[in-house]
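*Asks:* Let's see this in three dimensions:
(chains A and B)
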Amino acid sequence: MATRAVEVVYRGIFQRTLARNIVRQIVFAARKDGKIGTAFGRYSDSPERNGIPAKQFAVVADTALELEESLAVYEATMVDVTINVDDTMCKGLESWAWYGLQPINEVTKPGGTLIVTSRQSADALLEDIHQKKDPYNLSIIPSTVSFSGLWVFKDDHTDMRALGAMCKACPELVSIKAMLESVQEQTGNEAKVASVQRAFDRGTSRPVEPGEGNTETPFSFDMPGWKTMEEGLVIRAQKEGTGFRGGEGGYTPGRSETFKKWSTRSMRPVINFDTCIKCTLCWLQCPDTVFDITPDGLYDANMEACCGCGVCEAVCPVPDCITMVGEPEFNDNSSQYDAWTADKDGYNKWMTVLVEKQKSETRTHGFHHVGGYAEEIAASEEA
Amino acid sequence: MATVQDLPQITGVKNIPVEEFYNSGHRTCQGCESALVMRLMIKAAGQRTIVLGSTGCMYVANTTYYSTPWVVPWMHTQLGSAGSAATGTAAGLASMMRKGKMTQEPINVIAFCGDGGGVDMGLSAISAALQHDEYNLLIICYDNESYANTDIQASGSTPWGANTTFSPTGKDIRIMNTKQKKNMAPMIATGHPNMRFVATACASYGLDFNNKVRRALTIGGPTFIHCIDPCPKGWDYDPKYSHELGMLAIETGLWIQYEITDGELILNGPSRAIAKGIRKRKPVEEYLMRQGRFAHFLPEDIKFFQDKVEETWEKWWIPGLIPITPGQDD
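*Replies:* All right, here's what the predicted structure looks like:
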């Protein structure tokens, strides 16, 4: 095998520049090693949407012929290294042209490496990462997840750290020497070269045994092929809503059975039902029709449908009634309203702890104001 | 003229219908305000409605391979043909009912288009549709100020100086999009004497938008609503600020909310308060500096923007509507 591939799994738009920097730099560095490569985005991810998981690839080969041969495949089905730049995607990906949930390590080859940018421990991540039949390695880049936007890039060296870790995990793909030379040449920035070297030096990996990890089976659907579609390309409409969960009073809208959207989320709203004043704003302003109306007039966010945009938190007039909390804190999509009705004191205690913790561990979510990224980088360097 | 449905005005947020006909399961961006426009539009119109969508985000992201968020009948039409699809559907319904092939009943026909499909390509078809006063139809233009679906190309609706893939800011030339945003709703209102209702709206003011949709559907004949939709992808901001940026667009005086019924203009919400002098306009800097697409602006660019807004409000014959000032002799 003289062709090797890397995939970068990233949040659409938020981390697009970051992913592009990584795959392009791999190709530039491969040339220094006398190899040839190409970098490309997955066709079916375009046009990208904010937050919806997407992929970009770098393929490196010894000769042009081998590279061409590998490119005859529409999308890499086996990669040497998977770089996941947001740890919340360890729960699985539902890309926007994909049906069902794809495990983060699905195309990582046996003995390959999964690199994750995260502040979590390997054991915590393996609670989310789906199990695999074959062994592979897990490598963690300990850093805050980097989010920016389409036009302004948050240059916090996450791309450089990922490159260093990749050279450590798979030296056959690109040597660290070639990478350092190439980064120097492309960026002319000593600090970036140092970041690559540091990530390489600190890079460790932990073997993951077959069967280790999340034992849940990812959800999937059987979609009709072009021969079984209805005449005139008819798509059946969604079901109408009902009373709260099919009962009396309240309202539960119909939910899509084929696209859940929760894997788009890196934060989720946590609701304080006791302070809710039933103003309707979170429900009214939610673009994803997430809120069920309970018979007592409260609003329960459905965690299968919520994509974590945070509009509900922004429009809520009550301080701390809705708080966006980082997704790593949760292991399932169960209803908060159910938890609250079952045990109000227990729920409130759990919620208070989470909200307090959130204040010290803010996940940023894109552009806030001009100069904001520089402030964030300075703050994270101090910490 | 066909009869219309009985859709009374909604008197408060608590009375907004709970029924949803645009569900979850669409593949839009986090915090997509255009998806909210769809949801609130169909909430106000109700179940006996046919929705027609021209190509754009609200087509592509809503109906990827065999999935849809719509509960009501929906059809895709080409980029420039929101107007023709609306007329055709309304005419088809009228004809089927006349021939007795369908039960006589008022069915709402709503066609939507983005700013690419409406302000740019679909303008002529919309104009034609709005001349047919024998059909009841509503055309909604959801304006996110770029071709956002295909990764943010500049449209006729993109504001001056905004960063897009067609107008990327550079070291030598900072301002690449030197065109001003088209003045769409007034162009429609002044040019189509057969139509009875034109409005501008923003989904950040959900109740106001709901009521405008209902007024448009019940007044009879062809109607038009132009919505401003903050776009977290193309405008480059944290998705949670979608609602706030929509409000800021109006509070800074950049977007003016009004409705024109039978030639009579009424400003709504903050725009009304600004016009009456009850409320001061916020500086546009507050709006601009929150968005990555304007991050390259220098103070002089912000001033240019502010001056344009001042001109709109102070010099135009009708603020926000008619970009004409009285000549020397008048």
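*Asks:* Tell me where the model's unsure across chain B.
*Replies:* B:1-2, B:330 (pLDDT under 70).
*Asks:* let's see 80
*Replies:* Scanning chain B for pLDDT under 80 picks out B:1-2, B:64-65, B:326-330.
*Asks:* Wait, A:R49 touches B:T28, no?
*Replies:* Yes. Counting by CB atoms under 8 Å, A:R49 touches B:T28, with 6.2 Å between them. (C-beta placed from N, C-alpha, C; glycine too.)
*Asks:* ok, the nearest residue to B:N149 once chain neighbours are set aside - contacts?
*Replies:* The shortest distance from B:N149 to any non-neighbouring residue, by CB to CB, 6 or more residues apart in numbering or on different chains, is to B:C57 (4.3 Å). Listed by CB atoms under 8 Å, 6 or more residues apart in numbering or on different chains, the contact set of B:C57 reads B:T28, B:C32, B:S34, B:G114, B:N144, B:A148, B:N149.
*Asks:* Am I right that the first one is in a helix?
*Replies:* What that stands for is B:T28. No. B:T28 sits outside any helix when classified using DSSP: H, G, I helix; E, B strand; the rest coil, being coil.
*Asks:* ok, it to chain A distance?
*Replies:* To chain A, B:T28 is 6 Å away according to CB to the nearest CB, to the nearest Å.
*Asks:* and what of the second one?
*Replies:* Look at B:C32 and chain A: by CB to the nearest CB, they are 5 Å apart.
*Asks:* And the pLDDT at whatever residue of the stretch 101-250 of chain A ends up closest to chain B?
*Replies:* Residue nearest to chain B within the stretch 101-250 of chain A: A:G149 (3.8 Å; CB to the nearest CB). The model reports A:G149 with a pLDDT of 92.
*Asks:* So the residue in the stretch 201-350 of chain A positioned nearest to chain B: helix, strand or coil?
*Replies:* Nearest residue of the stretch 201-350 of chain A to chain B: A:S256, at 2.0 Å (CB to the nearest CB). Secondary structure, three-state DSSP: A:S256 is coil.
*Asks:* same thing with A:A339?
*Replies:* A:A339 ends up helix, using three-state DSSP.
*Asks:* ok, now which ones touch it?
*Replies:* A:G346, A:Y347, A:W350.
*Asks:* burial count for the residue of the stretch 201-350 of chain A closest to chain B?
*Replies:* Using other CB atoms under 10 Å in any protein chain shown, the number of residues around A:S256 comes to 21.
*Asks:* Equivalent analysis for A:T242, please.
*Replies:* For A:T242, the count of nearby residues is 14 (other CB under 10 Å).
*Asks:* now swap in the one 5 residues further on and tell me
*Replies:* Number of residues near A:G247 (other CB under 10 Å) recorded here: 10.
*Asks:* can you check A:T228 too?
*Replies:* Neighbour number of A:T228 under other CB under 10 Å is 8.
*Asks:* can you check B:K179 too?
*Replies:* For B:K179, the neighbour count with other CB under 10 Å is 15.
*Asks:* for B:K282, same thing?
*Replies:* Counted with other CB under 10 Å, B:K282 comes out at 17.
*Asks:* Chain A contacts on the stretch 51-200 of chain B?
*Replies:* Contact residues, the stretch 51-200 of chain B versus chain A (CB under 8 Å from any CB of the partner chain): B:60-61, B:63-74, B:149-152, B:163.
*Asks:* Select only the buried ones of these in ChimeraX?
*Replies:* The buried residues among these can be selected in ChimeraX (16 or more other CB atoms under 10 Å in any protein chain shown) with this line:
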select /B:60,61,63,64,66,67,68,69,70,71,72,74,149,151,152,163
